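Trainee: Show me the folded form of this:
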Amino acid sequence: RVAKWDYDRIIPCHGEVIEAGGKKIVDELGDWFTSGKYEL
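Mentor: Got it, this is the predicted structure:
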């Protein structure tokens with residue numbers, strides 16, 4: 001659902017505000033997370 005939203009800025013509860021390019025960052029994070037190529 002979120003992938004269909006039109007947004008650019010992300011305001012997190014903690015950390016820095018992402019003023020531009022937020023959708024691209026979320027898309028890349030989603031790709032990374034679903035790839036299974038990460039270590040926690």
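Trainee: Could you use CA atoms for every contact and neighbour count after this?
Mentor: Fine.
Trainee: Okay, buried residues for stretch 12-24 please.
Mentor: By 16 or more other Cα atoms under 10 Å, the buried positions in stretch 12-24 come out as Gly22, Lys23.
Trainee: surely Ile10 meets Ile25?
Mentor: No. With contact defined as Cα atoms under 8 Å, Ile10 does not count as touching Ile25 (9.6 Å).
Trainee: Need the three-state assignment for the residue nearest the centre of the chain.
Mentor: Nearest to the geometric centre of the chain sits Val26, at 1.8 Å (Cα atoms, centre = their mean). Under DSSP: H, G, I helix; E, B strand; the rest coil, Val26 falls in the helix class.
Trainee: One more: the one 5 residues further on?
Mentor: Here Asp31 takes the helix state, with states given by three-state DSSP.
Trainee: Give me the pLDDT for it.
Mentor: pLDDT recorded at Asp31 is 91.
Trainee: Also the one 5 residues further on?
Mentor: Predicted confidence (pLDDT) for Gly36: 86.
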